[in-house]
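In: quick one, fold the following:
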Amino acid sequence: MISESALAAMSVDLGSQFLKIGLVKPGVPMEIVLNKESHRKTPNIVAIRHGERFFSDSAAQLGIKHPVNAYSYFVDLLGKKFDNPVVDRYRKIFPHITLKPDDVRGTVLFETDNGTYSVETILAMVLWNAKETTETFAGQPVKDVVITIPAFFNQAERKAVTTAVEIAGLNLLQLLSDGLAAGLNYGVFRRKEITEQAQTLLVYDIGATKTRATILEYRLAKEKDSKEQNPVMVPLGIGYDRTLGGLDITLALRDHLLAEFRKQHKTQKDITENPRAMAKLFKEAERVKQVLSANIDHFAQIESLFEDKDFKVKVTRQQLEDLAKELEPRFLQPLIDALKMAELSIDQVNQIVLMGAGTRVPKLQQLIQEFAKGKELSKFLNTDEAIAIGAVYQAAALSKGFKVKKFAVQELQLYPIQVDFISFVTESDNEAKPKTEKLIHRTIYSYKSLYPTTKKIISFTSHTDDFKFNVNYGSLSHLSEKQLSEFGSLNISEVNVVGVSEAYKTNIKDENTVFKGVKAHFHTDSYGIVRVERAELLVEEKEQPSNSTFSNIMGKIGSFFSKSKDEEKDQVSDDTTKEESKEELSKEEKPAGEPVETPTPETPETQTNTTTADNTTETTNQTNQTDSKPLNETVDATKNETKKEEPKLKVNKIALNLSEDLLDSTLTSIDTKSAASQLKTFEKNEKAKAERDAALNSLESAVYDIASKLEEETFIKYGTAEELIAIRETKDKLSTWLEDDVTPDTPTSDIKDRKKELDAMIKKLKSRRRQHEERPKHVEYMIKLLNDSEGTFALFKNLTELFSETELSTLEKVLTETKDWFENKTTAQEKLQLNEDPAFTVGELQDKSKTLEREVKYLFNKFYSAKLKAEQEAKKKAREAEKNKTKEAKVEVPETGKESVDETEKETTEEATEETKEEPTEETKEDKEGEEEKQEENIDESAKSDDKKDDEEAKKEHDHDRSDL
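Out: This next block holds a predicted model:
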């Protein structure tokens with residue numbers, strides 16, 4: 001059974017400046033989640049002050065007042081060492097943020113007033129808040145998520161995101177490249193336009209801190225298991241600049257405003273040393289930049305910017321373009337790189353679509369238009385929301401709760417992955433010479449390869465003892481010097497293979513067992529992370545055949561007649577092995593040291609590439625082949641065989657242990673659990689604070705409300721002098737306590753207790769007022785009920801043949817008691833004042849009314865049931881009488897002629913009748929009797945129909961009478 005949370009899925013467009021959240025749930029199409037402020041995009045910022053977290057707009061506002069406590073644009077720091085140029089750039093842009101290196105990992109830590117937090121933990125806080133916002137919007141739990149990231153994220157950055165998702169308590173379905181998410185949005189809504197003829201789309205995205213160009217190809221492709229054709233989207237080329245975006249233009253404008261302020265005002269201190277003033281300048285620069293995208297000029301103005309000095313200056317669009325002029329070549333470089341990787345020219349691209357807020361800048365649009373040689377720049381995708389909507393479609397496709405149309409998406413491997421290890425080789429044919437060590441490099445995922453893809457296997461044939469290998473990046477010659485410096489560590493992990501020596505000694509026994517190496521299995525998951533799945537030692541063992549001719553014959557007969565499903569699978573595996581053998585042979589044609597990839601026969605559905613290390617060749621003997629000869633030929637051939645047969649080969653796989661040491665600064669499992677515990681502590685404290693704030697607000701509201709009511713005559717008239725004095729004293733005491741004694745440390749229970757005390761004192765006054773306001777309508781209803789009940793009793797008491805004495809006496813008793821109680825209570829109530837407790841409550845009056853109504857309705861139901869039954873019987877008797885009358889009329893024979901007929905005609909008719917008159921035959925009699933019976937049946941059916949109609953009419957009358965009551 002699918003859980004409730006599995007019936008909804010979300011997506012997060014993880015931008016540096018903003019988050020966009022998509023949602024899909026049953027009955028609701030893909031949509032953008034609104035945050036608490038009802039905005040469609042949420043600032044990617046978290047503020048931590050005095051142990052309390054703030055998110056979204058509240059965090060952005062706090063960032064202006066206390067910029068040292070607000071952390072934004074931190075996505076760029078994921079997976080980065082402290083000495084990375086990207087970190088240096090961040091520290092220059094935000095000097096008021098205190099960063100420190102992690103002593104163990106060497107990564108970045110944010111230092112706050114209540115401790116230090118890793119970048120993964122800060123991101124986890126934002127993702128947790130996104131989850132809370134989505135669940136509030138959806139009205140149900142949501143756990144499954146697809147997160148979009150830049151395609152250039154390496155292994156360390158991807159692992160940092162997955163760690164943050166784990167800390168936040170979400171279930172990550174996929175890390176999807178943002179360019180592909182936008183392309184998926186395009187393809188899903190233009191599915192009918194995709195054909196077998198390939199189409200290309202260039203998505204150019206200028207974000208806050210990074211610029212990407214992605215070239216995608218769309219085409220229809222047939223499914224492997226069916227002839228059905230579905231769209232496939234494949235990236236052909238990707239270009240990027242991870243430190244270029246709209247933030248650079250904002251910073252240039254901020255520096256311009258800073259220079260203008262210095263021209264207008266001379267200050268005692270340097271404004272750049274004041275974080276609050278610099279935050280105000282940054283915010284105003286961002287606002288002016290957005291306005292100048294649609295206007296040619298605008299005024300930047302900030303009240304009391306620094307040292308109580310106001311600032312106002314006019315900024316033109318031309319000035320802004322001049323400030324960003326030196327950035328123009330950098331904005332075009334990702335386009336050039338993407339086309340180069342795709343091996344296409346701009347003329348071969350069918351469509352160009354712009355994404356990101358940065359592409360709204362008119363000058364940048366002009367640059368792209370010129371680069372595209374006048375090609376139209378499409379704007380059919382929503383710049384802000386296309387990525388989130390494309391990602392949420394993928395979330396629906398991957399989630400268990402939805403069924404969507406297939407749309408295959410493949411990712412591009414930008415950085416090749418290789419395995420480095422030491423191999424023992426013999427340099428000459430003399431095996432007596434000791435083997436020398438040689439460093440071998442084997443590429444398992446090459447540059448520009450696609451994933452998800454086939455699994456990879458590497459065979460190590462020279463290691464009979466425990467050994468280790470490294471998973472590293474391959475050649476990154478396609479990166480620029482700047483990109484390489486920002487990339488980070490080139491080492492991913494070191495893997496230790498344990499148990500080889502023991503398995504070798506245990507399983508290599510004699511000449512019948514041969515060591516075939518150690519195989520390590522690799523795959524790239526849906527996050528784009530390379531995983532080492534398992535390792536196993538392979539031993540080829542010779543099985544001694546039976547020399548008995550009888551057993552040979554019976555074995556062939558059995559294999560001929562009994563071909564199980566398992567054997568069919570084995571046959572498929574054998575075919576796959578044959579293909580492997582062909583691939584193995586082709587290895588000899590390749591130069592030594594080159595990686596060789598061959599499929600291995602694991603399953604027919606999933607191909608697996610095998611790379612044999614140490615420049616050796618594997619050969620797999622075909623065993624258990626089914627003889628296709630007829631049975632008689634098989635027996636004859638067996639007689640001529642010699643008793644000696646070639647031994648069969650069986651390959652045994654012994655599982656080995658793997659231990660992987662991550663070298664790319666990934667957060668350890670212990671640190672991950674610790675970070676998750678920190679978030680739970682925050683959540684617990686925030687819930688407690690929210691509960692305390694709600695209790696405090698409730699008490700304050702109650703005090704203000706009582707103070708107002710004590711001035712109203714409509715309220716105080718319901719209280720006695722003593723009660724009003726006590727309420728005033730309590731109100732004054734609570735007002736003083738709230739102003740003077742309440743602190744952040746005041747327990748929530750104290751606040752709730754004081755609220756209960758105040759509620760108890762005014763409870764009586766509220767009750768008296770409510771009783772006084774509601775009593776008249778209930779009294780009026782009781783009077784009417786008593787009158788109607790007395791009339792009903794007067795009618796029913798004479799129907800002794802219908803009602804028993806007990807039934808009538810019961811109603812009479814209830815009626816009398818209710819009437820007496822009502823008269824006594826109303827008389828007593830008329831003597832009471834408004835500030836006295838009532839003689840009876842509205843609830844008591846309602847209970848009495850219900851009791852009397854129940855007894856009256858009981859007799860009414862019985863009366864109308866009897867009336868309905870009597871009416872039905874009368875109508876039935878009437879129909880039976882009508883039926884008998886009809887039968888009697890059929891017995892009388894009617895006269896042949898009519899009185900008006902002429903006498904001559906009458907005589908002629910009588911003569912003709914006498915001439916043709918014959919005795920009736922048996923058949924004629926039977927036909928006549930059958931017709932009569934049929935007529936009687938029709939009459940019966942008509943009578944039944946009339947009965948049914950009468951019943952329905954009687955029931956309607958009965959229901960109508962009951963509704964009148």
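In: who does the helix or strand Ala338 falls within touch, helix- and strand-wise?
Out: Using DSSP states H and E, the element containing Ala338 is helix 328-342. Counting contacts by 3 or more Cβ pairs under 8 Å, 6 or more residues apart in numbering; DSSP states H and E, helix 328-342 packs against strand 199-206, strand 211-222, strand 229-241, helix 362-371. Using the backbone N, CA and C atoms, a C-beta is placed for each residue, glycine as well.
In: now find how far off-centre whatever helix or strand comes next after it is within its chain.
Out: Per DSSP H and E, the first helix or strand lying C-terminal to helix 328-342 is strand 351-355. Here the centre of mass of C-alpha atoms in strand 351-355, compared against the chain's by Cα atoms, centre = their mean, to the nearest Å, lies 28 Å away.
In: pull up the pairing partners for strand 351-355, direction included.
Out: In its sheet, strand 351-355 lies beside strand 199-206 (parallel), strand 377-378 (parallel), with partners assigned from DSSP bridges.
In: name the surrounding residues that touch it.
Out: Contacting residues not belonging to strand 351-355 are listed as 182, 186, 199-206, 365, 368, 372, 375-381, 383, 386-387 [Cβ atoms under 8 Å, 6 or more residues apart in numbering].
In: can I get the CA coordinates of that strand in PDB?
Out: Once side chains and other backbone atoms are set aside, the C-alpha atoms of strand 351-355 remain, and they are given as PDB (Å, rounded to 0.1, in the frame of the first residue of the first chain):
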ATOM      1  CA  GLN A 351      15.700  27.200 -31.500                       C
ATOM      2  CA  ILE A 352      17.300  29.400 -28.800                       C
ATOM      3  CA  VAL A 353      15.400  30.000 -25.500                       C
ATOM      4  CA  LEU A 354      16.500  32.400 -22.800                       C
ATOM      5  CA  MET A 355      16.300  31.600 -19.100                       C
END
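In: for Ala397, what are its contacts?
Out: Going by Cβ under 8 Å, 6+ apart, the list of residues near Ala397 reads Val404, Lys406, Phe407.
In: redo that, cut-off 7 Å
Out: Applying Cβ atoms under 7 Å, 6 or more residues apart in numbering to Ala397 gives the contacts Val404.
In: the helix or strand hosting it versus strand 351-355: what angle between them?
Out: Ala397 belongs to helix 386-398 when assigned by DSSP H and E. Regarding helix 386-398 and strand 351-355, their directions subtend 100 degrees when assessed with axes from the mean of the first three to the mean of the last three Cα atoms, to 10 degrees.
In: what about Ala70, neighbour count?
Out: 25 (other Cβ atoms under 10 Å).
In: not counting its neighbours along the chain, what's nearest it?
Out: Of all residues not flanking Ala70 in the chain, Gly63 sits nearest, at 3.1 Å (Cβ to Cβ, 6 or more residues apart in numbering).
In: same check, this time on Lys848
Out: Counting by Cβ to Cβ, 6+ apart, the nearest residue to Lys848 once its immediate chain neighbours are dropped is Thr818, at 5.3 Å.
In: can you check Leu180 too?
Out: Counting by Cβ to Cβ, 6+ apart, Val409 is the residue found nearest to Leu180 once chain neighbours are left out, at 5.9 Å.
In: for the one you found, which residues are in contact?
Out: By Cβ under 7 Å, 6+ apart, Val409 lies in contact with Leu180, Leu184, Met233, Gln394.
In: where's the residue nearest to Lys848, which helix or strand?
Out: When secondary structure is defined using DSSP H and E, the element that contains Thr818 is helix 805-830.
In: now do the next helix or strand after that helix: which elements does it pack against?
Out: The helix or strand immediately downstream of helix 805-830 is helix 842-891, counting by DSSP H and E. Contact partners of helix 842-891 among helices and strands, from 3 or more Cβ pairs under 7 Å, 6 or more residues apart in numbering; DSSP states H and E: helix 748-796, helix 805-830, helix 922-964.
In: quick one: mean pLDDT over helix 842-891.
Out: Per-residue pLDDT values across helix 842-891 average out to 86.
In: next one: Glu880 from Gln264, what distance?
Out: Here the distance between Glu880 and Gln264 works out to 112 Å (Cβ to Cβ, to the nearest Å).
In: Ile249 now?
Out: Note on Ile249: its distance to Gln264, by Cβ to Cβ, is 23 Å.
In: which of those two has more residues huddled nearby?
Out: Neighbour comparison, Ile249 and Gln264: the larger count goes to Ile249, with 24 against 12 (by other Cβ under 10 Å).
In: quick check: domain ranges of this protein?
Out: Here the chain is described, according to automatic domain parsing, as comprising the domains 4-198+218-233+380-411, 415-544+567-621+647-662, 547-563+626-646.
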